[in-house]
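# Next come a sequence and a model predicted from it.
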Amino acid sequence: MFSRPGSFRIAGSLALVVSAALVLAGCSASAGTGEKVEGGTISFGVDVDPVGHLDVHSSQLDINAILQRPVFDSLVSQKADGTIVPWLAKSWQVSDDQLQYTFTLRDDVTFSDGEKFDAAAVKANFDHIVDPATESAQASSLIGGAYYAGTEVIDPTTVRVSFSQPYAPFLANAASVQLGFYSPKVLAEHASELKAGGPGISVGSGPFILSKYTPGSELVYTKNPNYNWAPEGATNQGPASIDELDVKILPESSVRTSALTSGQVDVIGDTAPSSLSQIGDGFTVTSTESPGVPYSLYLNVTRPVFSDVAVRKAFAGGFDLDAAVKAVFNDSYQRAYSILGPTTPDSYDAALEKSASFDVDAANDALDAAGWSERDSDGYRTKNGERLSARWISYTPVNEDNANLANLIQDGLKKIGFEVVHDQLEPGAYLDAYLAGDYDLTDWGFLSADADVLRSHLGTGGYQNASHLSDPEIDATLASAVATTDGSKRAELYTKLQQWNAKNAVIVPLYVPEYILASSKKVGGIEVDIHGWPLFSGAYVTK
């Protein structure tokens, strides 16, 4: 639910203390300095334990996608520039009416439990995704949601996926881990256990096999010796070079960086910029801007305080975002101008970078005009005796950088008389408040390699529509964008949506997250995908 081709930046403050390598997604993110050794183990430190969220078809956690990619393959793969290339599907054809995708599958793929990958396996997995019992939100949306009309087995190596209307994002979405494939035997015999996952349950056709899972501690993957069906263009086409991938759960970024520099782990992911100063020479660091929706504030337009667009715009322009992002991240992350990140393929509206501005006078004038002209003893604005106040709920744990950014936003808005109460809630309490709509604003970033991610965030009834927006014109624009395969036309429609939000301030973009990966130079061959997430099938250790 909460997250974080093209652009890679290393923080200016980092350049002096880290031996850094800038890489292209899908290319090597590490190059060992010694002689390559066959076999061995690479240890990888991560921040979140996916306990209870190991089902790729129902989880919305980025960490689950990262940790399940070694196990689960997809029909196709997406390169850094958005190009789709074959993987488990050798080729595909799209019908003239854009309603059917017919895939020709490889005939040499097996799951790690010996089950055959074929058209029936594709249908079983896609049926599982759309089964209400799976309780899928993200994967169900990726496969088309209400537009998905079913999957048909034509013959063992031919499968047809149909839609009720053209669904342009399908091929890009089919490259995701969330639309990856379980062994049909597992789906038939262990469907109720997929969320818990573990050895014998999290069974795919990938280059690694999940052999051990200790919740709160580690996941261990062993090499799949039979693997020989990597995506087109992958450097390593056969079995993994290493024998074992050992994932350590280390929630604190400072602990992960200490584990890296002390040699306890070889690679760390999702490193906070504030922890990067701990890393010295002898390490490789890559930073990849995340496509999709930047880390943003979602204003609940059904609540009185944000039902007025003038108040929303005053809120959005009433604090110095440039200064706040720079103070917290010191140029590690860039300030966001749009509800789509700059690396989201074929969709970003760069013109918004010239229009966004911090304007205290305009914010004060707007709030005065909206009737919030009086002040109470604490300096906050009031109207009819009621304080101008908004409840901001966040899902814990809130990392230190985001907490500091929130404090600066609160301080800035206080200067214009706008109170923001930041409630950091435990997961259960957060979900209760979120599902009840008992909040004025909330926050997250949502990674996606296609701009259709806006449909879930702005569309009426969208599963990520935290703003509770319901606008027929927006719905129509989103529907048009998802239905056209004309790239320039889609870009125009998504530009329209970005400009609409800039004028209506339903979502307030804050910064563009980056996935920061750091590794010891004793490991090499780690590649990164379009999201910046590590791929270990070609990784190796050196002497």
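Now that the structure is in, tell me what you want to look at.
# Can you tell me, leaving aside adjacent residues, what's nearest to Asp411?
Phe319 (7.9 Å; CB to CB, 6 or more residues apart in numbering). (Each C-beta comes from the backbone N, C-alpha and C, glycine too.)
# Quick check: that neighbour is in a helix.
No. Going by DSSP: H, G, I helix; E, B strand; the rest coil, the assignment for Phe319 is coil, not a helix.
# Wait, it touches Arg335, no?
No. At 12.0 Å, Phe319 does not count as touching Arg335 under the criterion of CB atoms under 8 Å.
# more neighbours, the two?
Phe319 (24 against 18; other CB atoms under 10 Å).
# dump the residue contacts of the more buried one.
358, 408-409, 411-413 (CB atoms under 8 Å, 6 or more residues apart in numbering).
# any low-confidence regions in this protein?
Within the chain, the stretches with pLDDT under 70 are 1-33.
# mind redoing it with 50?
The model of the chain has pLDDT under 50 over residues 1-27.
# Give me the domain ranges for it.
1-47+207-285+515-543, 54-192, 292-512 (automatic domain parsing).
# and Gly200, which of those is closest to it?
domain 54-192 (7.8 Å; CB to CB).
# what distance separates stretch 70-77 from the centre of its chain?
Its chain's average C-alpha position is 17 Å from that of stretch 70-77, according to CA atoms, centre = their mean, to the nearest Å.
# Would you mind measuring from the residue nearest the centre of the chain to Ser136?
The chain has Leu447 as the residue nearest its centroid, 2.6 Å off, counting by CA atoms, centre = their mean. From Leu447 over to Ser136 the distance is 17 Å, taken as CB to CB, to the nearest Å.
# show me where the stretch 351-500 of the chain has helices.
Taking DSSP state H, counting those that start in this stretch to define them, one finds helices in the stretch 351-500 of the chain at 360-369, 400-414, 427-436, 453-458, 472-483, 487-504.
# quick one: which of the ones you listed is nearest Ile42?
Of the helices of the stretch 351-500 of the chain, nearest to Ile42 by CB to CB is helix 400-414, at 27.2 Å.
# what's the neighbour count on Gln237?
Gln237, neighbours per other CB under 10 Å, totals 14.
# Surely it is in contact with Pro231?
No. In this structure, Gln237 is not within contact of Pro231 by CB under 8 Å, at 9.2 Å.
# How about the contacts made by the nearest residue to Gln98 once chain neighbours are set aside?
For Gln98, ignoring the flanking residues on the chain, the nearest one in space by CB to CB, 6+ apart is Pro166 at 3.7 Å. Contacts for Pro166 were tallied using CB under 8 Å, 6+ apart; they are 97-99, 482-485.
# Now that we have those, which of them are buried?
98-99, 482-484 (16 or more other CB atoms under 10 Å).
# show me the contacts for Ser162.
Going by CB under 8 Å, 6+ apart, the list of residues near Ser162 reads 99-101, 148-152.
# Nearest to Leu367, out of the residues you listed: which one, please.
Among the contacts of Ser162, and counting by CB to CB, the member closest to Leu367 is Tyr148, at 45.1 Å.
# May I have the beta-bridge partners of that closest one?
Phe163 (DSSP bridges).
# Please tell me how far it sits from Ser162.
In terms of CB to CB, Tyr148 sits 8 Å off from Ser162.
# Ala539 now?
From Ala539 to Ser162 the distance is 38 Å (CB to CB).
# Ok, Glu218 next?
Counting by CB to CB - Glu218 and Ser162 are separated by 42 Å.
# before we move on, what about Ser448?
23 Å.
# Same check on Leu67?
From Leu67 to Ser162 the distance is 32 Å (CB to CB).
# what do you get for Leu388?
51 Å.
# go on, Ala390?
45 Å.
# got it, and Glu244?
41 Å.
# Tell me the span between the first and last residue of stretch 428-446.
20 Å (CA to CA, to the nearest Å).
# Buried residues of that stretch, list them for me.
For stretch 428-446, by 16+ other CB under 10 Å, it's 430, 433-434, 439-446.
# Ramachandran angles for the residue nearest to Gln98?
phi -50, psi 140 (degrees, to the nearest 10).
# picking that back up, now flag whichever of the buried ones among the contacts of Pro166 is closest to Ala362.
Val482 (35.1 Å).
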